[in-house]
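Asker: What follows is a predicted protein model with its sequence.
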Amino acid sequence: MSDVTQPLSRPLAITILLSAACLFAANHVAARVAFDDGTGVLLAILTRGSIAFLMMVSLVIAQRHRLVIPAGKRRWQLILGVMIAGQSLCLYSAVARIPVAVALLLVNTWPILYALLTWALGGRRPSVRFTAIMVVILIGLIMVLDLGTWLSDPTAMGPDWLSGVVLAETAALFFAVAIWVTENRLSRLPGAVRSVFTMMAVLALMAVGGLLGILPGGLDLPQSQSGWVALVSLAALYGTASTVLFVLVPRLNMSRNAPVMNLEPVASLLFGFVVLGQVLAPVQLVGGAVVLGGIVWLSLMRKA
């Protein structure tokens, strides 16, 4: 039993987390390829979610957990499922509209929203240092979004730029609420069980949305072989990364190594360039570095 929970060496733990970050980044790049080929956003989420759901159920069975939510926690579990469904829908919708790296940088600002939400709900007030880091991150975001160019000529950033930015930041808000619910209302529930019910809610909501036609074209099929390959790839990449993390989290010393996962936007920048030909302007690259540095700083500070 000691081998199951014994922490892995730090180099190995960091390698695993870096690999997971790259898999998640590749999943979003594959999603953009699928969307560009006509794949519906709801179909992509359903495909990804189905694979992840099967993997999570397998984990629950292997770990011999009971698939039961305590009566007092069922409402919060439902809220968590709705939040993750909203985050998935908004993030994929943003990826379909703006460069993948920009979308992920915006979504990764969720710690700021989480801190503000916690404060608003009676938690600890953000410290002066935390506030200063938030200001730095916001300055970096202004550079990432290249607001100067957008204000001078909105058409230069593309017709979907503003909606993509709003969707990405909305995804960050959904995720911040989901983390708050997880840490403050569902922390005692086994992670694998929580994930099964969360993914079940996501699948149900996406299926209902598709059947009711809430999102036009949400269930559209890919138009070519490359689109089908991308659809299968995004599901496999996401399912593999999420399963690896759930299996190994107890041995990865996340309190020390979690900031490594913030390199996902960097990996997406590289993959986006190689696969999609997406290139950010120099000011956006500098801004991305500022945002990423601030996010890592926040992560380290929260663990201190």
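Answerer: Good, I have the coordinates.
Asker: Next up, the contacts around residue 42.
Answerer: Going by Cβ atoms under 8 Å, 6 or more residues apart in numbering, residue 42 touches 89, 206, 209-210, 215, 218-219. Quick note: C-beta positions are derived from backbone N, CA and C, even for glycine.
Asker: With secondary structure, distance to residue 46 and pLDDT added, can I get the residues you listed in TSV?
Answerer: Conversion of those to TSV gives the following (DSSP: H, G, I helix; E, B strand; the rest coil; distance: Cβ to Cβ, whole Å; pLDDT from 0 to 100):
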residue	secondary structure	distance to residue 46	pLDDT
89	helix	11	97
206	helix	5	96
209	helix	10	95
210	helix	7	94
215	coil	12	92
218	coil	9	96
219	coil	8	96
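Asker: Out of the residues you listed, grab the one that's most surrounded.
Answerer: Highest neighbour count within the contacts of residue 42, by other Cβ atoms under 10 Å: residue 206, with 27 neighbours.
Asker: hmm, back to that, would you turn the contacts of residue 42 into CSV with distance to residue 168?
Answerer: Putting these into CSV (distance: Cβ to Cβ, whole Å) gives the following:
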residue, distance to residue 168
89, 12
206, 19
209, 19
210, 22
215, 17
218, 18
219, 23
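Asker: Kindly indicate which of the residues you listed lies nearest residue 61.
Answerer: Lowest distance from residue 61 to the contacts of residue 42 (Cβ to Cβ) belongs to residue 206, with 24.0 Å.
Asker: State the distance from the closest one to residue 159.
Answerer: Remark: distance between residue 206 and residue 159 (Cβ to Cβ, to the nearest Å) = 26 Å.
Asker: Could you identify the helix or strand that succeeds the helix or strand bottoming out on mean pLDDT in the chain?
Answerer: Each helix and strand of the chain was given a mean pLDDT (mean pLDDT, DSSP states H and E); the minimum falls on helix 2-5 at a mean of 48. Sequence-wise, the next helix or strand beyond helix 2-5 is helix 10-36, with elements assigned using DSSP states H and E.
Asker: just how off-centre is the helix or strand just after that following helix within its chain?
Answerer: For helix 10-36, the succeeding helix or strand toward the C-terminus, using DSSP H and E, is helix 41-63. Centroid separation between helix 41-63 and its chain, computed with Cα atoms, centre = their mean, to the nearest Å, is 16 Å.
Asker: tilt between helix 41-63 and helix 10-36?
Answerer: Per axes from the mean of the first three to the mean of the last three Cα atoms, to 10 degrees, the angle that helix 41-63 makes with helix 10-36 is 150 degrees.
Asker: Report the mean per-residue pLDDT for helix 41-63.
Answerer: For helix 41-63, the mean pLDDT works out to 92.
Asker: Residue 99 and residue 280 touch, don't they?
Answerer: Yes. Shown here, residue 99 and residue 280 form a contact pair, counting by Cβ atoms under 8 Å, at 6.5 Å.
Asker: shaky segments in the protein?
Answerer: Along the chain, the parts satisfying pLDDT under 70 run over 1-5, 255, 302-304.
Asker: could you redo the last one with a cut-off of 80?
Answerer: For the chain, the stretches flagged by pLDDT under 80 are 1-5, 148-157, 246-247, 249-250, 253-258, 299-304.
Asker: mind listing what the closest residue in space to residue 53 that isn't next to it in sequence touches?
Answerer: In space, and not counting its chain neighbours, residue 53 is closest to residue 199: 4.3 Å by Cβ to Cβ, 6 or more residues apart in numbering. By Cβ under 8 Å, 6+ apart, the contact list for residue 199 reads 49, 52-53, 56, 84.
Asker: let's see it at 6 Å
Answerer: Shown in contact with residue 199 (Cβ atoms under 6 Å, 6 or more residues apart in numbering): 49, 52-53.
Asker: Now tabulate those residues in a markdown table and tack on distance to residue 265 and neighbour count.
Answerer: Shown next, in a markdown table, are those (distance: Cβ to Cβ, whole Å; neighbours: other Cβ atoms under 10 Å):
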| residue | distance to residue 265 | neighbour count |
| --- | --- | --- |
| 49 | 23 | 27 |
| 52 | 21 | 24 |
| 53 | 26 | 19 |
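Asker: would TSV of the residues you listed with distance to residue 145 be doable?
Answerer: Output for the contacts of residue 199, formatted as TSV (distance: Cβ to Cβ, whole Å):
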residue	distance to residue 145
49	30
52	31
53	35
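Asker: Residue 183: which of those is nearest?
Answerer: Nearest to residue 183 among the contacts of residue 199 is residue 52, at 21.1 Å by Cβ to Cβ.
Asker: Distance-wise, check that closest one relative to residue 208.
Answerer: Look at residue 52 and residue 208: by Cβ to Cβ, they are 19 Å apart.
Asker: likewise residue 171?
Answerer: 20 Å.
Asker: Same question for residue 133.
Answerer: Separation of residue 133 from residue 208 (Cβ to Cβ) stands at 40 Å.
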